[in-house]
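# coords please:
(chains A and B)
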There are 2 protein chains.
Amino acid sequence: MGYEVMELGDVELQSGAILPGTFLAYKTYGTLRADKSNAILYPTAFGDTHVQNEWLLGEGKALDPQHYFIIVPNLLGNGLSSSPSNTPAPWDRGNFPQVTIMDNVRLQHRLVTQRFGISKLALVTGWSFGAMQTFQWAASYPDMVERIAPFAGTAKTWPHTFVFFEGVKAPLEADAGWRSGHDRQTVEKALRAVGRVYAGWGFSQAFYREEGYQQLGYDSLDAFLSGFWDRNFAGSDPYNLLSMLWTGQHADISANPTYKGDFEQALRSIKARTVVMPATTDLYFTPEDSAYETLRMRNAALRPIRSIWGHFAGRGLNPDDSRFIDDELKRLLASSV
Amino acid sequence: MGYEVMELGDVELQSGAILPGTFLAYKTYGTLRADKSNAILYPTAFGDTHVQNEWLLGEGKALDPQHYFIIVPNLLGNGLSSSPSNTPAPWDRGNFPQVTIMDNVRLQHRLVTQRFGISKLALVTGWSFGAMQTFQWAASYPDMVERIAPFAGTAKTWPHTFVFFEGVKAPLEADAGWRSGHDRQTVEKALRAVGRVYAGWGFSQAFYREEGYQQLGYDSLDAFLSGFWDRNFAGSDPYNLLSMLWTGQHADISANPTYKGDFEQALRSIKARTVVMPATTDLYFTPEDSAYETLRMRNAALRPIRSIWGHFAGRGLNPDDSRFIDDELKRLLASSV
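The predicted model follows:
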């Protein structure tokens, strides 16, 4: 679980707020070549850290540390990078400023260029929020990103996805109890509720119908709900979750001075060779939204993950979906740009 | 809003518990013919009363009170029929016994037969929980029900639907604050959270993408969330909601001594001429589950409501879907049995 930290000082965010003493936690895998041509960036998803990204790395895989130098930066708000839980007053907890996907990407850009002197990324890839950061990278730094492979994530937060996040926030917004911050039991109760709300969204109707959780070692629906979902957010800081949910609700690659809200233009401006991988049964980052976006990009192919695992098809939980993603990444990395 | 009440005395429920002083609230529309051949039963959905069913009734419609005698019984737990909110101690509030869809139907059977002396129902129809009661009627009283038209509801609660309901329950389970029962503000906050969780489920991804809420008079997503969803459960009794959610989570037409859990046999035993109308974009009573059930019935046609309105395609909120349902009901009522 060892990782590095880059201190970034006082950072002006998109909102205009200053986040003092900002830092990015990250981990690298493999060795950067002298010509710096083998760098891959692989940002993390909501509630995850670099550890949850590691399933996609390994010998013989597309993201093989023997060949590539893979940087996994932790999302702001996840508890390792600057977050409500680790920022001193007066910017701690509920006072932590709102950060955007773009804010994340700008700080990651400093990490990549200033710490490592990298000017080209062979690939940016990521799942869910990681996919949103991937799109933002390609739109904000089109000449720096050679390839992107966003999976189960979109270039902006579509309206229904926004509404889905409202539901995830709801138990935390309703329950004032945990805000006292002293009663860990109340906090954990609220976090279990977040897991229960998430349960129906994370996997598809067919996954539950066909008892896909058996593959994860749960022998009943009840065991899956209590063993997987009740624990999924256990130990989290509710303020961290709310911070990341705000980030997720306001993603849009064109919400910046470069594109001034012109989403179609931002999509067209992406130069990277692109493979977009929605999961066919994803209930909130839908294949329809990914198809819309892919059609408006210049160099992009839509390669749906045909799976009943819904959004979690991209989480490395079952061999079929993991192999599909790995195969696509191999093909993409082998392609010239 | 006038309605009638039938006192049913002390009732033994499926669970074995006795609910003392049970009563059913109901409303009738039209006149029962002397030969009692024109009776239609139209049960209510989760959180609704007979009032929310009235959109489907009217002159020139399939359910025309000039031709039919339409009985709308209120679901147990909805606040008008026996509920946590209106049952005296010691069975009030959180102590109200668990009631099943079958319990509802057995009491409705007493209403229909004892109060009105009806021995044949020309039609049983209903939306959502109303559809689940419709299926139960046809399975439990196959010789009494000539036709059924369940829309946006299934014959049992499929696993994902169960999980969806877990999410709806979550803000109420997490927030102990409202259980004190004295602070209405805390209660309303929890109820708003229920609405926010429900928002992403009630309508489809495409409905939000295409701003279907404009048709309801809301000019922005935010206006729809606060104007429609934040108010949807306002004023409800949380114990009533939890009671009905338990009912919804445990529906199964075969969970009784007649069918002993043999779901396929229960479906096969339905004699009524049947039209099943799932909404194509319903996220929790899915068209796939309805197709599975319809295929196993002897006399049933699947007629999907092609709509982006998701589950709420069956709530009478837009003219296209309402006309589709009405047309199907007209065809069904005109058919011989």
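
# so where's the stretch 1-150 of chain A shaky on pLDDT?
Residue ranges of the stretch 1-150 of chain A with pLDDT under 70: A:1.

# In it, which residue sits nearest chain B?
A:F46 (15.6 Å; CB to the nearest CB). Bear in mind the C-beta positions are built from the backbone N, C-alpha and C, glycine included.

# next one: phi and psi at the residue nearest to that residue when sequence neighbours are not counted?
In space, and not counting its chain neighbours, A:F46 is closest to A:F129: 4.8 Å by CB to CB, 6 or more residues apart in numbering or on different chains. Dihedral pair for A:F129: phi -60, psi -30, per degrees, to the nearest 10.

# Tell me how far A:F129 lies from A:T286.
16 Å (CB to CB, to the nearest Å).

# Same question for A:W137.
To A:T286, A:W137 is 22 Å away according to CB to CB.

# Please say which of these two ends up with more neighbours.
Neighbour tally, A:W137 and A:T286, criterion other CB atoms under 10 Å in any protein chain shown: the higher count belongs to A:W137, 29 against 24.

# which residues sit in contact with the more buried one?
A:L41, A:V105, A:Q108, A:H109, A:L121, A:V124, A:M144, A:V145, A:I148 (CB atoms under 8 Å, 6 or more residues apart in numbering or on different chains).

# nearest to B:Y213, of those?
Set against B:Y213, the nearest of the contacts of A:W137 by CB to CB is A:V105 (31.9 Å).

# residues near that closest one, how many?
For A:V105, using other CB under 10 Å, the count is 26.

# show me what contacts it?
A:Q133, A:Q136, A:W137, A:S140.

# Turn those into a markdown table, columns for secondary structure.
As requested, the contacts of A:V105 are exported to a markdown table (DSSP: H, G, I helix; E, B strand; the rest coil):
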| residue | secondary structure |
| --- | --- |
| A:Q133 | helix |
| A:Q136 | helix |
| A:W137 | helix |
| A:S140 | helix |
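
# and of these, the nearest to A:D219?
Closest to A:D219, out of all of those and judged by CB to CB, is A:Q133, at 36.5 Å.

# on that earlier part again, now a PyMOL select for only the buried ones of the contacts of A:V105.
A single PyMOL command selects the buried members of the contacts of A:V105 (16 or more other CB atoms under 10 Å in any protein chain shown):
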select buried, chain A and resi 133+136+137+140
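
# In the contacts of A:V105, find the pair that's most separated.
A:Q133 and A:S140 (10.2 Å).

# what about the strands in the stretch 201-337 of chain A?
A:273-276, A:300-302 (DSSP state E, counting those that start in this stretch).

# Between those, which one is closest to A:S335.
strand A:273-276 (6.0 Å).

# For the closest one, list the C-alpha coordinates in PDB.
The C-alpha trace of strand A:273-276 is given here as PDB (Å, rounded to 0.1, in the frame of the first residue of the first chain):
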ATOM      1  CA  ARG A 273      -6.800   7.200 -30.800                       C
ATOM      2  CA  THR A 274      -9.700   6.200 -28.700                       C
ATOM      3  CA  VAL A 275     -11.500   3.000 -27.600                       C
ATOM      4  CA  VAL A 276     -14.600   3.700 -25.600                       C
END
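
# Which strands or helices does that strand pack on?
Judged by 3 or more CB pairs under 8 Å, 6 or more residues apart in numbering or on different chains; DSSP states H and E, strand A:273-276 is in contact with strand A:147-151, helix A:287-295, strand A:300-302, helix A:319-334.

# if you compare these, which one is most tucked away?
strand A:147-151 (a mean of 27; mean count of other CB atoms under 10 Å in any protein chain shown).

# can you list the residues of the stretch 51-200 of chain A near chain B?
By the rule CB under 8 Å from any CB of the partner chain, the part of the stretch 51-200 of chain A lying against chain B is A:158-160, A:162-164, A:166-167, A:169-171, A:173-177, A:186, A:189-190, A:192-194, A:196-200.

# Could you pull up the residues touching A:D230?
A:D230 touches A:R192, A:G195, A:R196, counting by CB under 8 Å, 6+ apart.

# hmm, 6 Å instead?
By CB atoms under 6 Å, 6 or more residues apart in numbering or on different chains, the contact set of A:D230 is A:R192, A:G195.

# separation between it and chain B?
10 Å (CB to the nearest CB, to the nearest Å).

# how far away is that residue from B:E173?
Distance from A:D230 to B:E173, by CB to CB: 11 Å.

# One more: A:E328?
For A:E328 relative to B:E173 (CB to CB), the value is 40 Å.

# follow-up on the earlier one: for ChimeraX, write the select line for the buried members of the residues of the stretch 51-200 of chain A next to chain B.
A single ChimeraX command suffices to select whichever of those are buried according to 16+ other CB under 10 Å:
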select /A:158,159,160,162,163,164,166,167,169,170,171,173,174,175,177,186,189,190,192,193,194,196,197,198,199,200
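
# For the residue nearest to A:A45 when sequence neighbours are not counted, grab phi and psi.
Spatial nearest neighbour of A:A45, excluding adjacent residues (CB to CB, 6+ apart): A:S128 at 4.0 Å. Torsion angles at A:S128 (phi, psi; degrees, to the nearest 10) stand at phi 60, psi -120.
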